[in-house]
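Trainee: fold the following and give me the result.
(one chain, ligands or ions: 1)
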Amino acid sequence: MFEEGNRLRAERGAENVFDFSLGNPEVEPPELVLAAVRKIVSGQRPRAHAYMPNGGFPEVRQALAQRQAQATGLPFAAENIILTVGAGGALNVVLKALLDPGDEVIALAPCFVEYRSYVENHGGRLVVAETRADFQPYLSRVAQAITPRTKAILINSPNNPTGVVYPAQFLDGLEALLQQQERPVVVISDEPYRALAYDGIAIPETQRHLRNAIVATSWSKTLAIPGERIGMLAISPRIEEAHLLGDACTCTNRILGFVNAPALWQWVVAEVGHHAIDIAPYQAKRDLFWEGLTRMGYRCVRPQGAFYLFPETPLEDDVGFVQLLLEEGILAVPGSGFGRSGHMRLSMTVSRSTIERSLPGFERALARARSRQEGGERRDDPSRRIA
Ligand SMILES: Cc1ncc(COP(=O)(O)O)c(C=O)c1O
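Mentor: All right, here's what the predicted structure looks like:
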């Protein structure tokens with residue numbers, strides 16, 4: 001998509017290309033964050049840029065443990081926190097620590113494209129459990145996917161690519177299911193979008209609801225600093241061998257080649273507290289885009305968080321429909337890449353005006369898809385309709 005975007009920009013001029021393919025925040029980091037960087041760089045803290053224990057600077061881990069304790073009501077200590085190279089690093093670190101060859105990890109589809117590679121990086125096997133048409137999980141499908149080789153269940157809420165938030169009832173149901181298992185199964189909760197929730201919706205704290213839960217997260221989206229690669233693992237103190245898992249992750253953080261998370265950004269995230277980017281512009285763009293598309297006839301679950309829309313494609317063939325959009329200068333990612341064909345992902349990390357100016361192109365592509373369908377495949381079967 002990246003290459004295609006460059007080709008289209010050269011061909012049509014940048015103002016005529018509507019690139020919804022990348023989840024790269026278009027806003028600058030908040031001034032508070034930049035001020036924290038300046039303060040740390042100009043401060044005289046000795047050894048601020050040196051190697052530190054692989055899990056992170058002890059003071060930073062302590063500050064983050066306090067925050068996690070406040071959020072969850074659990075007795076988090078510094079050793080339950082591992083600073084990582086983004087959420088991607090956090091996931092790889094914990095998977096490397098947990099998996100033996102052939103172990104299975106269940107993910108709920110549609111899901112982040114990289115999960116399969118992350119699991120396979122460490123000899124594991126990704127097992128996919130489908131979600132409903134509105135992308136909420138079926139507990140029964142998760143139950144069916146569990147085998148004696150299941151080590152972990154990977155969840156992501158608010159979700160990329162759908163924007164749905166999993167409710168507390170699902171987490172409680174999952175906890176009951178996991179309590180029935182003979183062997184421990186951990187839940188890895190990938191939460192880089194936690195701060196991006198709309199309409200004042202409260203995202204349930206995974207570790208309050210699930211005993212064996214590990215949070216993998218980052219400040220990439222929360223502070224609009226994805227290139228700085230700072231994230232963390234929070235290992236619940238309720239996990240029976242939490243200290244051993246923490247030791248293993250400290251080791252895997254080092255041997256995967258990261259060695260440690262970036263020193264400067266460890267200090268920054270400790271300094272800025274719970275601060276996050278202003279989500280109001282994203283919510284307004286969600287409303288503009290979702291209302292614009294659904295009004296003209298696209299079917300789309302209304303995102304509750306993150307910064308993506310995941311509408312149905314008017315053609316069953318999502319790759320074919322994405323080609324039609326390309327002819328309008330619009331770049332979208334086919335849903336099949338996320339494990340759900342017949343859909344496409346649209347990232348809202350663009351300006352309002354890009355969304356506004358793209359809408360006529362979406363309308364023309366919809367009309368062309370409909371005329372192509374005349375007498376052929378149709379997608380208006382009411383049983384597929386999303387409430
Ligand atoms: C669901 C999900 N998990 C993990 C990541 C990786 O985040 P990071 O850039 O912090 O490594 C992303 C990035 O887009 C994501 O969408």
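Trainee: need the residues of the stretch 201-350 of the chain near the ligand, please.
Mentor: Within the stretch 201-350 of the chain, the residues that sit near the ligand (C-beta under 6 Å from any ligand atom) are 218, 220, 226, 231. Any C-beta I mention is one placed from the backbone N, CA and C, and that applies to glycine too.
Trainee: what pLDDT does the second one get?
Mentor: It refers to Ser220. Ser220 carries a pLDDT value of 97.
Trainee: could you count how many residues lie near it?
Mentor: Residues contacting Ser220 under the criterion other C-beta atoms under 10 Å number 22.
Trainee: quick one on the thing from earlier: of the residues of the stretch 201-350 of the chain next to the ligand, which is the nearest to Ile277?
Mentor: The closest of those to Ile277 turns out to be Ser220 (C-beta to C-beta; 11.0 Å).
Trainee: tell me if the closest one really is in a strand.
Mentor: No - assignment of Ser220 by DSSP: H, G, I helix; E, B strand; the rest coil gives coil, placing it outside any strand.
Trainee: list the contacts of the nearest residue to it once chain neighbours are set aside.
Mentor: Closest residue to Ser220 apart from its sequence neighbours, by C-beta to C-beta, 6 or more residues apart in numbering: Pro226 at 3.8 Å. Pro226 makes contact with 24-25, 86, 218, 220 under the criterion C-beta atoms under 8 Å, 6 or more residues apart in numbering.
Trainee: next one: Leu264
Mentor: Counted by C-beta under 8 Å, 6+ apart, Leu264 has contacts 37, 40-41, 48-49.
Trainee: try it again at 7 Å.
Mentor: Shown in contact with Leu264 (C-beta atoms under 7 Å, 6 or more residues apart in numbering): 37, 40, 49.
Trainee: which SSE is immediately downstream of the helix or strand containing it?
Mentor: If you go by DSSP states H and E, Leu264 is part of helix 263-272. Using DSSP H and E, the helix or strand that follows helix 263-272 in sequence is helix 280-296.
Trainee: give the buried residues for that next one.
Mentor: Using 16 or more other C-beta atoms under 10 Å as the test for burial, helix 280-296 gives 282-283, 285-286, 289-290, 292-293.
Trainee: if you look at stretch 95-111, does any of it touch the ligand?
Mentor: No - on the criterion C-beta under 6 Å from any ligand atom, stretch 95-111 is out of touch with the ligand, staying 7.5 Å away.
Trainee: what are the phi and psi values for the spatially most central residue of the chain?
Mentor: For the chain, the residue lying nearest the average C-alpha position, counting by C-alpha atoms, centre = their mean, turns out to be Asn160 (4.6 Å). With angles defined as degrees, to the nearest 10, Asn160 sits at phi -100, psi 120.
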